[in-house]
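Peer 1: starting from these lines, generate the structure:
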Amino acid sequence: MKFSVARLLVAVLGLAVSFAALAESVDLAIKNARVVDGTGSPAFNADVYVDAGRIARIDTTQTAKVSARRTIDAGGRVLSPGFIDLHSHGSAKSQGAFENFISMGVTTISLGQDGFSPAVRDLATWVGEVRSGGINPNLALFLGHGTLRGMVGIEAGAQITPQQQAEMQSILKSNLPYAFGMTTGLEYSPALYAAEDELLALAQVVGNEGKLIMSHLRNEDDQALEGSLRELIRQGQFARVHVSHLKAVYGKGEARAEQILALLDAARQQGVDITADVYPYNASYTGIAIVFPDWAKTRVQLASVISSRRVELEEFIRNKVNARNGPQATLFGTDPYTGKTLQQVAAEAGKPFEQVLIDDIGPEGASAAYFVMDEALQTRLIADPMVAVSSDGSPTGFHPRGHGTFAKVIEEFVVNKQMLSLEQAIHKVSGFPASVLGLKTRGVVAEGNAADLLIFDPKLVRATATYSAPHTLATGFDYVFINGKSVLEQGKFSSAAPGKVLDPRIER
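Peer 2: Okay, the predicted model is just below:
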(Lines give C-alpha, C1' and ligand atoms only; values in the text may rest on other atoms or scores of the structure.)
Protein backbone atom coordinates (compact mmCIF):
# COMPACT_ATOMS: atom_id res chain seq x y z
CA MET A 1 0.00 0.00 0.00
CA LYS A 2 2.84 2.37 0.89
CA PHE A 3 4.49 1.60 -2.48
CA SER A 4 1.28 2.44 -4.35
CA VAL A 5 0.80 5.70 -2.46
CA ALA A 6 4.41 6.69 -3.07
CA ARG A 7 4.06 6.04 -6.78
CA LEU A 8 0.88 8.10 -6.86
CA LEU A 9 2.60 11.01 -5.13
CA VAL A 10 5.51 10.85 -7.56
CA ALA A 11 3.11 10.85 -10.52
CA VAL A 12 1.10 13.77 -9.12
CA LEU A 13 4.21 15.79 -8.36
CA GLY A 14 5.60 15.03 -11.81
CA LEU A 15 2.43 16.30 -13.45
CA ALA A 16 2.44 19.36 -11.23
CA VAL A 17 5.97 20.21 -12.35
CA SER A 18 5.01 19.61 -15.96
CA PHE A 19 1.93 21.82 -15.79
CA ALA A 20 3.85 24.51 -13.93
CA ALA A 21 6.37 24.55 -16.74
CA LEU A 22 3.61 25.50 -19.15
CA ALA A 23 3.67 29.00 -17.80
CA GLU A 24 7.14 29.43 -19.25
CA SER A 25 8.25 26.87 -21.85
CA VAL A 26 7.78 23.30 -23.06
CA ASP A 27 9.79 21.10 -25.37
CA LEU A 28 7.22 20.80 -28.16
CA ALA A 29 3.94 22.34 -29.24
CA ILE A 30 1.82 20.60 -31.88
CA LYS A 31 -0.71 23.11 -33.16
CA ASN A 32 -3.91 22.69 -35.16
CA ALA A 33 -4.14 18.91 -34.77
CA ARG A 34 -7.11 16.64 -35.32
CA VAL A 35 -6.70 14.41 -32.27
CA VAL A 36 -7.77 10.77 -32.48
CA ASP A 37 -6.92 9.86 -28.92
CA GLY A 38 -6.92 6.04 -29.02
CA THR A 39 -10.00 5.50 -26.88
CA GLY A 40 -12.38 5.10 -29.81
CA SER A 41 -14.06 8.41 -28.99
CA PRO A 42 -14.75 10.94 -31.76
CA ALA A 43 -11.83 13.03 -33.00
CA PHE A 44 -11.46 16.60 -31.78
CA ASN A 45 -9.35 19.63 -32.59
CA ALA A 46 -6.64 20.64 -30.16
CA ASP A 47 -3.14 21.94 -29.58
CA VAL A 48 -0.97 19.42 -27.76
CA TYR A 49 2.03 20.33 -25.63
CA VAL A 50 4.85 17.92 -24.80
CA ASP A 51 7.47 18.32 -22.12
CA ALA A 52 10.02 15.95 -20.57
CA GLY A 53 8.76 13.07 -22.68
CA ARG A 54 5.13 13.37 -21.62
CA ILE A 55 1.96 15.06 -22.80
CA ALA A 56 1.84 18.15 -20.62
CA ARG A 57 -1.40 19.67 -21.88
CA ILE A 58 -4.18 19.18 -24.43
CA ASP A 59 -5.75 22.55 -25.22
CA THR A 60 -9.08 22.10 -26.96
CA THR A 61 -9.69 25.86 -26.88
CA GLN A 62 -6.49 26.33 -28.89
CA THR A 63 -5.97 29.66 -27.15
CA ALA A 64 -3.21 28.86 -24.64
CA LYS A 65 -0.17 31.13 -24.74
CA VAL A 66 2.70 28.75 -24.19
CA SER A 67 6.31 29.13 -25.26
CA ALA A 68 7.79 26.05 -26.89
CA ARG A 69 11.31 25.24 -27.95
CA ARG A 70 9.83 23.70 -31.08
CA THR A 71 6.44 24.17 -32.74
CA ILE A 72 4.87 21.96 -35.43
CA ASP A 73 1.77 23.10 -37.28
CA ALA A 74 -0.19 19.89 -37.90
CA GLY A 75 -2.41 21.79 -40.33
CA GLY A 76 -5.45 19.66 -39.51
CA ARG A 77 -3.62 16.38 -39.86
CA VAL A 78 -4.34 13.54 -37.43
CA LEU A 79 -2.46 13.39 -34.16
CA SER A 80 -2.77 9.92 -32.64
CA PRO A 81 -1.00 7.71 -30.13
CA GLY A 82 1.87 5.65 -31.47
CA PHE A 83 0.81 2.15 -32.39
CA ILE A 84 1.46 -0.86 -30.16
CA ASP A 85 2.37 -4.14 -31.87
CA LEU A 86 1.28 -7.03 -29.65
CA HIS A 87 3.21 -9.64 -31.63
CA SER A 88 6.60 -8.71 -33.06
CA HIS A 89 9.88 -10.42 -33.85
CA GLY A 90 13.51 -9.33 -34.09
CA SER A 91 16.65 -8.87 -32.05
CA ALA A 92 16.56 -6.03 -29.55
CA LYS A 93 20.36 -6.06 -29.44
CA SER A 94 21.30 -6.24 -33.13
CA GLN A 95 18.20 -4.71 -34.76
CA GLY A 96 17.39 -1.98 -32.25
CA ALA A 97 16.60 0.64 -34.91
CA PHE A 98 13.56 -1.38 -36.06
CA GLU A 99 12.89 1.09 -38.88
CA ASN A 100 10.31 -1.24 -40.41
CA PHE A 101 8.09 -0.76 -37.36
CA ILE A 102 8.76 2.95 -36.95
CA SER A 103 7.86 3.66 -40.58
CA MET A 104 4.37 2.23 -40.08
CA GLY A 105 3.73 4.18 -36.88
CA VAL A 106 4.67 1.56 -34.30
CA THR A 107 6.21 3.02 -31.16
CA THR A 108 6.02 -0.08 -28.91
CA ILE A 109 6.80 -3.67 -29.91
CA SER A 110 6.38 -6.95 -28.03
CA LEU A 111 9.19 -9.51 -28.16
CA GLY A 112 9.57 -12.99 -26.71
CA GLN A 113 6.74 -14.37 -28.83
CA ASP A 114 5.64 -17.90 -29.78
CA GLY A 115 7.31 -19.34 -26.70
CA PHE A 116 10.82 -18.10 -27.51
CA SER A 117 12.63 -15.42 -25.52
CA PRO A 118 16.21 -14.67 -24.43
CA ALA A 119 17.56 -17.87 -22.88
CA VAL A 120 18.84 -16.22 -19.71
CA ARG A 121 18.02 -17.01 -16.11
CA ASP A 122 18.65 -13.43 -15.02
CA LEU A 123 16.43 -11.31 -17.25
CA ALA A 124 17.34 -8.13 -15.39
CA THR A 125 20.88 -8.30 -16.77
CA TRP A 126 19.62 -8.78 -20.33
CA VAL A 127 17.25 -5.83 -19.94
CA GLY A 128 20.12 -3.69 -18.71
CA GLU A 129 22.20 -4.60 -21.75
CA VAL A 130 19.43 -3.58 -24.15
CA ARG A 131 18.92 -0.31 -22.32
CA SER A 132 22.64 0.42 -22.53
CA GLY A 133 22.72 -0.37 -26.27
CA GLY A 134 19.68 1.76 -27.04
CA ILE A 135 16.49 0.90 -28.87
CA ASN A 136 14.15 2.96 -31.04
CA PRO A 137 10.69 1.65 -30.19
CA ASN A 138 9.63 0.86 -26.67
CA LEU A 139 9.84 -2.83 -25.84
CA ALA A 140 7.35 -4.95 -23.90
CA LEU A 141 9.12 -8.22 -23.18
CA PHE A 142 7.61 -11.66 -22.62
CA LEU A 143 9.10 -14.90 -21.31
CA GLY A 144 8.85 -17.89 -23.66
CA HIS A 145 7.53 -21.22 -22.44
CA GLY A 146 9.58 -23.12 -25.01
CA THR A 147 12.69 -21.32 -23.83
CA LEU A 148 11.91 -22.25 -20.23
CA ARG A 149 11.68 -25.89 -21.31
CA GLY A 150 15.06 -25.65 -22.99
CA MET A 151 16.70 -24.04 -19.97
CA VAL A 152 15.68 -26.89 -17.67
CA GLY A 153 16.86 -29.53 -20.14
CA ILE A 154 13.60 -31.12 -21.30
CA GLU A 155 14.36 -33.13 -24.44
CA ALA A 156 11.94 -33.07 -27.39
CA GLY A 157 9.24 -35.63 -26.74
CA ALA A 158 10.50 -36.47 -23.25
CA GLN A 159 8.18 -36.54 -20.26
CA ILE A 160 8.75 -33.68 -17.86
CA THR A 161 9.91 -34.53 -14.34
CA PRO A 162 8.53 -32.91 -11.16
CA GLN A 163 11.94 -31.32 -10.62
CA GLN A 164 11.93 -29.78 -14.09
CA GLN A 165 8.38 -28.51 -13.60
CA ALA A 166 9.36 -26.87 -10.32
CA GLU A 167 12.48 -25.35 -11.87
CA MET A 168 10.49 -23.85 -14.75
CA GLN A 169 8.03 -22.31 -12.32
CA SER A 170 10.89 -20.89 -10.25
CA ILE A 171 12.62 -19.30 -13.27
CA LEU A 172 9.31 -17.91 -14.47
CA LYS A 173 8.41 -16.40 -11.12
CA SER A 174 11.81 -14.81 -10.55
CA ASN A 175 11.82 -13.14 -13.99
CA LEU A 176 8.19 -12.09 -14.35
CA PRO A 177 8.83 -8.73 -12.61
CA TYR A 178 10.71 -7.72 -15.77
CA ALA A 179 8.19 -9.16 -18.26
CA PHE A 180 4.57 -8.62 -19.20
CA GLY A 181 3.80 -12.31 -19.09
CA MET A 182 4.57 -15.62 -20.75
CA THR A 183 4.08 -16.71 -24.35
CA THR A 184 3.45 -20.21 -25.61
CA GLY A 185 4.12 -21.62 -29.06
CA LEU A 186 2.34 -24.94 -28.78
CA GLU A 187 2.62 -25.71 -32.50
CA TYR A 188 6.41 -25.65 -32.28
CA SER A 189 9.06 -27.89 -30.77
CA PRO A 190 9.75 -28.14 -27.85
CA ALA A 191 6.49 -26.71 -26.50
CA LEU A 192 4.22 -28.95 -28.59
CA TYR A 193 5.06 -31.84 -26.25
CA ALA A 194 3.77 -30.00 -23.18
CA ALA A 195 0.83 -31.62 -21.39
CA GLU A 196 -2.00 -29.57 -19.96
CA ASP A 197 -0.93 -30.05 -16.34
CA GLU A 198 2.38 -28.36 -17.15
CA LEU A 199 0.64 -25.39 -18.77
CA LEU A 200 -1.90 -24.97 -15.98
CA ALA A 201 0.83 -24.96 -13.34
CA LEU A 202 2.69 -22.21 -15.21
CA ALA A 203 -0.57 -20.31 -15.72
CA GLN A 204 -1.00 -20.15 -11.97
CA VAL A 205 2.43 -18.55 -11.60
CA VAL A 206 1.60 -16.01 -14.31
CA GLY A 207 -1.78 -15.25 -12.77
CA ASN A 208 -0.40 -14.86 -9.28
CA GLU A 209 1.86 -12.12 -10.63
CA GLY A 210 -1.05 -10.45 -12.44
CA LYS A 211 0.50 -11.04 -15.84
CA LEU A 212 -0.69 -12.27 -19.27
CA ILE A 213 -0.42 -15.54 -21.19
CA MET A 214 -0.11 -14.86 -24.91
CA SER A 215 -0.43 -18.00 -27.04
CA HIS A 216 0.32 -19.26 -30.50
CA LEU A 217 -2.27 -22.01 -30.26
CA ARG A 218 -1.51 -25.71 -30.43
CA ASN A 219 -3.25 -26.11 -33.78
CA GLU A 220 -4.70 -23.37 -35.99
CA ASP A 221 -6.27 -25.75 -38.51
CA ASP A 222 -9.99 -25.09 -38.65
CA GLN A 223 -11.05 -28.53 -37.43
CA ALA A 224 -8.72 -28.30 -34.41
CA LEU A 225 -9.04 -24.58 -33.68
CA GLU A 226 -11.87 -24.74 -31.16
CA GLY A 227 -10.11 -27.42 -29.13
CA SER A 228 -6.96 -25.31 -29.12
CA LEU A 229 -8.90 -22.25 -28.00
CA ARG A 230 -10.52 -24.22 -25.19
CA GLU A 231 -7.09 -25.33 -24.01
CA LEU A 232 -6.10 -21.67 -23.66
CA ILE A 233 -9.44 -20.79 -22.08
CA ARG A 234 -8.80 -23.39 -19.35
CA GLN A 235 -5.55 -21.58 -18.55
CA GLY A 236 -7.70 -18.48 -18.30
CA GLN A 237 -9.12 -19.66 -14.99
CA PHE A 238 -5.76 -18.64 -13.50
CA ALA A 239 -4.51 -15.74 -15.65
CA ARG A 240 -5.50 -13.31 -18.37
CA VAL A 241 -5.09 -14.99 -21.76
CA HIS A 242 -4.60 -13.72 -25.30
CA VAL A 243 -4.72 -15.46 -28.69
CA SER A 244 -1.83 -14.55 -30.97
CA HIS A 245 -2.60 -13.99 -34.67
CA LEU A 246 -6.06 -15.59 -34.53
CA LYS A 247 -6.80 -17.50 -37.72
CA ALA A 248 -8.67 -20.56 -39.00
CA VAL A 249 -6.50 -22.39 -41.51
CA TYR A 250 -8.85 -23.94 -44.12
CA GLY A 251 -11.85 -22.17 -42.52
CA LYS A 252 -14.22 -20.35 -44.83
CA GLY A 253 -16.64 -17.46 -44.58
CA GLU A 254 -17.92 -14.84 -42.20
CA ALA A 255 -20.27 -17.31 -40.51
CA ARG A 256 -17.29 -19.40 -39.40
CA ALA A 257 -15.69 -16.27 -37.96
CA GLU A 258 -18.86 -15.60 -35.99
CA GLN A 259 -18.64 -19.10 -34.46
CA ILE A 260 -15.05 -18.51 -33.38
CA LEU A 261 -15.86 -15.11 -31.89
CA ALA A 262 -18.89 -16.58 -30.10
CA LEU A 263 -16.64 -19.14 -28.41
CA LEU A 264 -14.40 -16.35 -27.11
CA ASP A 265 -17.38 -14.30 -25.97
CA ALA A 266 -18.86 -17.30 -24.14
CA ALA A 267 -15.57 -17.65 -22.25
CA ARG A 268 -15.78 -14.00 -21.23
CA GLN A 269 -19.30 -14.57 -19.97
CA GLN A 270 -17.82 -17.26 -17.73
CA GLY A 271 -15.31 -14.82 -16.31
CA VAL A 272 -12.28 -15.55 -18.50
CA ASP A 273 -10.38 -12.43 -19.55
CA ILE A 274 -9.52 -13.38 -23.14
CA THR A 275 -8.54 -11.19 -26.08
CA ALA A 276 -6.91 -11.76 -29.46
CA ASP A 277 -5.00 -10.12 -32.27
CA VAL A 278 -4.99 -10.56 -36.05
CA TYR A 279 -2.72 -9.44 -38.87
CA PRO A 280 -4.40 -8.13 -42.05
CA TYR A 281 -2.94 -10.64 -44.52
CA ASN A 282 -4.25 -13.99 -45.72
CA ALA A 283 -0.90 -15.75 -45.72
CA SER A 284 0.89 -16.87 -42.58
CA TYR A 285 4.67 -17.06 -42.24
CA THR A 286 6.68 -19.54 -40.19
CA GLY A 287 9.21 -22.34 -40.38
CA ILE A 288 8.68 -25.19 -42.83
CA ALA A 289 8.46 -27.57 -39.86
CA ILE A 290 4.78 -26.63 -39.84
CA VAL A 291 4.17 -29.26 -42.56
CA PHE A 292 6.19 -32.01 -40.84
CA PRO A 293 4.61 -34.41 -38.31
CA ASP A 294 5.25 -34.03 -34.58
CA TRP A 295 7.67 -36.95 -34.70
CA ALA A 296 9.89 -35.28 -37.34
CA LYS A 297 9.95 -31.59 -36.36
CA THR A 298 13.72 -31.37 -35.78
CA ARG A 299 16.85 -32.50 -37.64
CA VAL A 300 17.57 -35.05 -34.91
CA GLN A 301 14.07 -36.52 -35.11
CA LEU A 302 14.18 -36.56 -38.92
CA ALA A 303 17.48 -38.45 -38.95
CA SER A 304 16.07 -41.12 -36.66
CA VAL A 305 12.92 -41.81 -38.69
CA ILE A 306 13.99 -41.17 -42.27
CA SER A 307 14.88 -44.81 -42.92
CA SER A 308 12.28 -46.58 -40.80
CA ARG A 309 9.24 -44.39 -41.61
CA ARG A 310 10.16 -42.82 -44.95
CA VAL A 311 6.99 -43.81 -46.80
CA GLU A 312 4.78 -42.66 -43.93
CA LEU A 313 6.68 -39.38 -43.70
CA GLU A 314 6.36 -38.66 -47.41
CA GLU A 315 2.65 -39.38 -47.32
CA PHE A 316 2.11 -37.13 -44.31
CA ILE A 317 3.96 -34.18 -45.87
CA ARG A 318 2.32 -34.64 -49.25
CA ASN A 319 -1.16 -34.65 -47.68
CA LYS A 320 -0.38 -31.75 -45.36
CA VAL A 321 0.95 -29.49 -48.12
CA ASN A 322 -1.92 -30.35 -50.47
CA ALA A 323 -4.42 -29.60 -47.70
CA ARG A 324 -2.74 -26.22 -47.33
CA ASN A 325 -3.63 -25.32 -50.94
CA GLY A 326 -0.73 -27.18 -52.52
CA PRO A 327 2.99 -26.50 -53.11
CA GLN A 328 2.17 -23.42 -55.18
CA ALA A 329 0.77 -21.79 -52.00
CA THR A 330 4.08 -22.06 -50.10
CA LEU A 331 6.42 -19.13 -50.84
CA PHE A 332 9.92 -19.43 -49.38
CA GLY A 333 11.63 -16.57 -47.59
CA THR A 334 14.96 -18.25 -46.90
CA ASP A 335 17.95 -18.41 -49.22
CA PRO A 336 18.67 -20.08 -51.59
CA TYR A 337 14.93 -20.49 -52.17
CA THR A 338 13.81 -16.92 -51.39
CA GLY A 339 10.96 -15.77 -53.60
CA LYS A 340 10.26 -19.22 -55.04
CA THR A 341 7.29 -21.43 -54.33
CA LEU A 342 7.71 -25.00 -53.19
CA GLN A 343 6.28 -26.03 -56.54
CA GLN A 344 9.03 -24.12 -58.36
CA VAL A 345 11.78 -25.51 -56.15
CA ALA A 346 10.54 -29.06 -56.69
CA ALA A 347 10.35 -28.54 -60.45
CA GLU A 348 13.92 -27.24 -60.53
CA ALA A 349 15.08 -30.22 -58.45
CA GLY A 350 13.20 -32.64 -60.70
CA LYS A 351 11.53 -34.56 -57.89
CA PRO A 352 8.33 -34.51 -55.81
CA PHE A 353 8.01 -31.64 -53.34
CA GLU A 354 7.81 -33.98 -50.34
CA GLN A 355 11.22 -35.40 -51.22
CA VAL A 356 12.65 -31.92 -51.58
CA LEU A 357 11.41 -31.08 -48.11
CA ILE A 358 12.84 -34.24 -46.57
CA ASP A 359 16.17 -34.52 -48.39
CA ASP A 360 17.12 -30.98 -49.39
CA ILE A 361 15.53 -28.61 -46.89
CA GLY A 362 14.50 -30.43 -43.71
CA PRO A 363 12.17 -29.20 -40.97
CA GLU A 364 14.59 -26.51 -39.78
CA GLY A 365 15.97 -25.44 -43.15
CA ALA A 366 13.61 -22.70 -44.29
CA SER A 367 10.72 -20.39 -43.52
CA ALA A 368 7.86 -19.56 -45.86
CA ALA A 369 4.62 -17.71 -46.39
CA TYR A 370 1.59 -19.99 -46.63
CA PHE A 371 -1.54 -18.81 -48.45
CA VAL A 372 -4.02 -20.68 -46.31
CA MET A 373 -6.55 -18.17 -44.96
CA ASP A 374 -9.95 -17.00 -46.15
CA GLU A 375 -10.43 -13.25 -46.66
CA ALA A 376 -14.07 -13.07 -45.55
CA LEU A 377 -13.31 -14.98 -42.35
CA GLN A 378 -10.20 -13.03 -41.44
CA THR A 379 -11.79 -9.67 -42.26
CA ARG A 380 -14.65 -10.40 -39.87
CA LEU A 381 -12.14 -11.22 -37.13
CA ILE A 382 -10.37 -7.91 -37.68
CA ALA A 383 -13.64 -6.00 -37.26
CA ASP A 384 -14.42 -7.47 -33.83
CA PRO A 385 -13.97 -4.94 -31.00
CA MET A 386 -12.14 -7.48 -28.81
CA VAL A 387 -9.54 -8.21 -31.49
CA ALA A 388 -6.47 -6.01 -31.82
CA VAL A 389 -4.10 -5.75 -34.78
CA SER A 390 -0.56 -7.12 -34.68
CA SER A 391 2.08 -7.65 -37.34
CA ASP A 392 3.78 -10.92 -36.34
CA GLY A 393 6.52 -9.29 -38.41
CA SER A 394 10.22 -8.63 -38.18
CA PRO A 395 12.82 -6.50 -39.96
CA THR A 396 13.90 -9.46 -42.10
CA GLY A 397 10.95 -11.86 -42.53
CA PHE A 398 9.96 -12.45 -46.17
CA HIS A 399 6.36 -11.35 -45.65
CA PRO A 400 4.85 -7.88 -46.14
CA ARG A 401 3.26 -7.87 -42.69
CA GLY A 402 6.57 -6.85 -41.09
CA HIS A 403 6.67 -3.62 -43.05
CA GLY A 404 3.04 -2.96 -43.95
CA THR A 405 0.55 -4.18 -41.33
CA PHE A 406 -0.41 -0.94 -39.58
CA ALA A 407 -0.30 1.17 -42.70
CA LYS A 408 -2.53 -1.40 -44.42
CA VAL A 409 -5.13 -1.11 -41.67
CA ILE A 410 -5.39 2.63 -42.32
CA GLU A 411 -5.13 2.44 -46.10
CA GLU A 412 -7.38 -0.54 -46.76
CA PHE A 413 -9.87 -0.84 -43.92
CA VAL A 414 -10.34 2.86 -43.11
CA VAL A 415 -9.79 4.80 -46.32
CA ASN A 416 -10.54 2.37 -49.14
CA LYS A 417 -13.12 -0.07 -47.75
CA GLN A 418 -14.43 2.16 -44.96
CA MET A 419 -14.94 -0.98 -42.90
CA LEU A 420 -13.61 0.77 -39.78
CA SER A 421 -13.82 4.39 -38.76
CA LEU A 422 -10.47 6.02 -38.14
CA GLU A 423 -11.31 6.18 -34.44
CA GLN A 424 -12.06 2.45 -34.33
CA ALA A 425 -8.89 1.55 -36.21
CA ILE A 426 -6.67 3.73 -34.03
CA HIS A 427 -8.20 2.18 -30.91
CA LYS A 428 -7.35 -1.29 -32.24
CA VAL A 429 -3.70 -0.39 -32.63
CA SER A 430 -3.16 1.83 -29.58
CA GLY A 431 -5.61 2.10 -26.69
CA PHE A 432 -6.87 -1.47 -26.88
CA PRO A 433 -3.47 -3.20 -27.08
CA ALA A 434 -2.28 -0.92 -24.27
CA SER A 435 -5.11 -2.29 -22.12
CA VAL A 436 -4.19 -5.87 -23.08
CA LEU A 437 -0.62 -5.30 -21.88
CA GLY A 438 -1.79 -3.32 -18.88
CA LEU A 439 -0.03 -0.11 -19.92
CA LYS A 440 -1.59 2.75 -17.99
CA THR A 441 0.24 5.71 -19.52
CA ARG A 442 0.62 4.69 -23.17
CA GLY A 443 -1.72 4.06 -26.07
CA VAL A 444 -3.94 7.09 -25.42
CA VAL A 445 -3.40 10.80 -26.03
CA ALA A 446 -4.03 12.11 -22.52
CA GLU A 447 -2.37 14.58 -20.20
CA GLY A 448 0.40 12.90 -18.23
CA ASN A 449 0.81 10.03 -20.65
CA ALA A 450 4.03 9.21 -22.44
CA ALA A 451 4.45 11.24 -25.62
CA ASP A 452 4.42 8.38 -28.14
CA LEU A 453 2.73 10.30 -30.94
CA LEU A 454 2.09 10.28 -34.69
CA ILE A 455 1.14 13.04 -37.11
CA PHE A 456 -0.27 11.94 -40.46
CA ASP A 457 -2.91 12.34 -43.14
CA PRO A 458 -4.81 9.00 -43.36
CA LYS A 459 -5.42 9.46 -47.08
CA LEU A 460 -1.67 9.50 -47.75
CA VAL A 461 -0.72 6.40 -45.75
CA ARG A 462 0.54 3.54 -47.93
CA ALA A 463 1.57 -0.03 -47.22
CA THR A 464 4.07 -0.47 -50.04
CA ALA A 465 5.37 -3.94 -49.07
CA THR A 466 4.27 -6.89 -51.20
CA TYR A 467 4.94 -10.63 -51.15
CA SER A 468 7.53 -10.24 -53.88
CA ALA A 469 9.07 -7.11 -52.31
CA PRO A 470 8.27 -7.41 -48.60
CA HIS A 471 10.96 -5.07 -47.26
CA THR A 472 9.79 -1.74 -48.63
CA LEU A 473 8.92 0.74 -45.90
CA ALA A 474 5.44 2.10 -45.31
CA THR A 475 4.90 5.78 -46.08
CA GLY A 476 2.59 8.55 -44.95
CA PHE A 477 3.44 8.88 -41.26
CA ASP A 478 4.96 12.36 -41.34
CA TYR A 479 6.15 12.52 -37.73
CA VAL A 480 6.81 9.76 -35.22
CA PHE A 481 7.68 10.68 -31.64
CA ILE A 482 8.73 8.19 -28.97
CA ASN A 483 8.89 9.42 -25.38
CA GLY A 484 8.76 12.93 -26.77
CA LYS A 485 11.74 12.48 -29.09
CA SER A 486 11.50 12.61 -32.87
CA VAL A 487 12.49 9.34 -34.58
CA LEU A 488 10.97 9.92 -38.03
CA GLU A 489 10.23 13.16 -39.84
CA GLN A 490 9.12 13.43 -43.46
CA GLY A 491 10.77 10.13 -44.37
CA LYS A 492 14.03 10.73 -42.52
CA PHE A 493 15.03 8.71 -39.46
CA SER A 494 16.88 10.23 -36.53
CA SER A 495 19.54 8.50 -34.45
CA ALA A 496 17.83 9.32 -31.17
CA ALA A 497 17.01 5.76 -29.97
CA PRO A 498 14.63 7.08 -27.27
CA GLY A 499 12.76 3.82 -26.72
CA LYS A 500 12.53 2.15 -23.33
CA VAL A 501 12.54 -1.46 -22.24
CA LEU A 502 9.26 -1.04 -20.41
CA ASP A 503 9.21 -1.96 -16.74
CA PRO A 504 5.86 -3.55 -15.89
CA ARG A 505 6.22 -2.47 -12.27
CA ILE A 506 6.15 1.17 -13.40
CA GLU A 507 4.09 1.07 -16.60
CA ARG A 508 1.24 -0.83 -15.00
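Peer 1: now do the contacts for Arg121.
Peer 2: For Arg121, the contact set (C-beta atoms under 8 Å, 6 or more residues apart in numbering) comprises Met151, Ile171, Ser174, Asn175. C-betas here are computed from N, CA, C, even on glycine.
Peer 1: distance check, it against Val206.
Peer 2: Look at Arg121 and Val206: by C-beta to C-beta, to the nearest Å, they are 18 Å apart.
Peer 1: picking that back up, now list the buried members of the contacts of Arg121.
Peer 2: For those, a burial check counting by 16 or more other C-beta atoms under 10 Å picks out Met151, Ile171, Asn175.
Peer 1: in CSV: those residues, plus secondary structure.
Peer 2: Output for the buried ones among the contacts of Arg121, formatted as CSV (DSSP: H, G, I helix; E, B strand; the rest coil):
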residue, secondary structure
Met151, helix
Ile171, helix
Asn175, helix
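Peer 1: all the helices of the stretch 1-150 of the chain, residue numbers only.
Peer 2: 2-21, 99-103, 123-133, 145-151 (DSSP state H, counting those that start in this stretch).
Peer 1: the last one - contacts with which helices or strands?
Peer 2: In terms of contacts (3 or more C-beta pairs under 8 Å, 6 or more residues apart in numbering; DSSP states H and E), helix 145-151 is packed against helix 162-175, strand 181-185, helix 196-208.
Peer 1: and that helix, what's buried?
Peer 2: Those buried within helix 145-151 under the rule 16+ other C-beta under 10 Å are His145, Gly146, Thr147, Leu148, Arg149, Gly150, Met151.
Peer 1: now the most centrally placed residue in the chain, nearest residue through space, not along the chain?
Peer 2: Nearest to the mean C-alpha position of the chain, by C-alpha atoms, centre = their mean, lies His87 at 1.3 Å. When the adjacent residues along the chain are set aside, His87 lies closest to Ser390, with 3.8 Å between them (C-beta to C-beta, 6 or more residues apart in numbering).
Peer 1: which phi and psi values does the one you found adopt?
Peer 2: Backbone geometry at Ser390, expressed as degrees, to the nearest 10, gives phi -130, psi 170.
Peer 1: which residues does it contact?
Peer 2: With C-beta under 8 Å, 6+ apart, Ser390 has these contacts: Asp85, Leu86, His87, Ser88, Ser110, Ser244, His245, Asp277, Val278, Tyr279, Thr405, Pro433.
Peer 1: quickly list what the fourth one is bridged to.
Peer 2: When bridges are taken as DSSP bridges, the partners of Ser88 come out as Gly393.
Peer 1: check the gap between it and Pro137 for me.
Peer 2: Distance check for Ser88 against Pro137: by C-beta to C-beta, it reads 9 Å.
Peer 1: give me the common contacts of those two.
Peer 2: With C-beta under 8 Å, 6+ apart, Ser88 and Pro137 have common neighbours Phe101, Val106, Ile109.
Peer 1: identify the residues contacting the first one.
Peer 2: Same thing as Phe101. Asp85, Ser88, Ile109, Asn136, Pro137, Ser391, Gly393.
Peer 1: what subset of those is buried?
Peer 2: Using 16+ other C-beta under 10 Å, the buried ones in the contacts of Phe101 are Asp85, Ser88, Ile109, Asn136, Pro137, Ser391, Gly393.
Peer 1: relative to Ala296, which of the residues you listed is nearest.
Peer 2: Ranked by distance to Ala296 (C-beta to C-beta), those are led by Gly393 at 28.0 Å.
Peer 1: ok, now which ones touch that closest one?
Peer 2: Residues counted as contacts of Gly393 (C-beta under 8 Å, 6+ apart) are Asp85, Ser88, His89, Asn100, Phe101, Tyr279, His399, Arg401, Gly402, His403, Thr405.
Peer 1: so how far is Ile171 from the residue nearest to Pro470 when sequence neighbours are not counted?
Peer 2: Nearest residue to Pro470 in three dimensions, chain neighbours excluded: Pro400, at 4.5 Å (C-beta to C-beta, 6+ apart). With distances taken as C-beta to C-beta, Pro400 is found 36 Å from Ile171.
Peer 1: then Leu192?
Peer 2: Leu192 is 20 Å from Ile171, by C-beta to C-beta.
Peer 1: equivalent analysis for Ser103, please.
Peer 2: 36 Å.
Peer 1: any idea how many residues pack against Leu342?
Peer 2: Leu342 has 26 neighbouring residues, counting by other C-beta atoms under 10 Å.
Peer 1: phi and psi next, for it.
Peer 2: Main-chain dihedrals, Leu342, degrees, to the nearest 10: phi -60, psi -30.
Peer 1: just checking, it touches Gln328?
Peer 2: Yes - the criterion here is C-beta atoms under 8 Å, and Leu342 meets it with Gln328 at 7.5 Å.
Peer 1: per-domain residue ranges of this structure.
Peer 2: 83-282+387-448, 285-370 (automatic domain parsing).
Peer 1: any idea which of those domains is most buried?
Peer 2: domain 83-282+387-448 (a mean of 21; mean count of other C-beta atoms under 10 Å).
Peer 1: and that one, how far apart are its ends?
Peer 2: With C-alpha to C-alpha, to the nearest Å as the measure, the ends of domain 83-282+387-448 fall 18 Å from one another.
Peer 1: please apply the same query to stretch 54-65.
Peer 2: 19 Å.
Peer 1: numbering from 522 from now on, please.
Peer 2: Happy to do that; since the first residue is 522 now, the last one works out to stretch 575-586.
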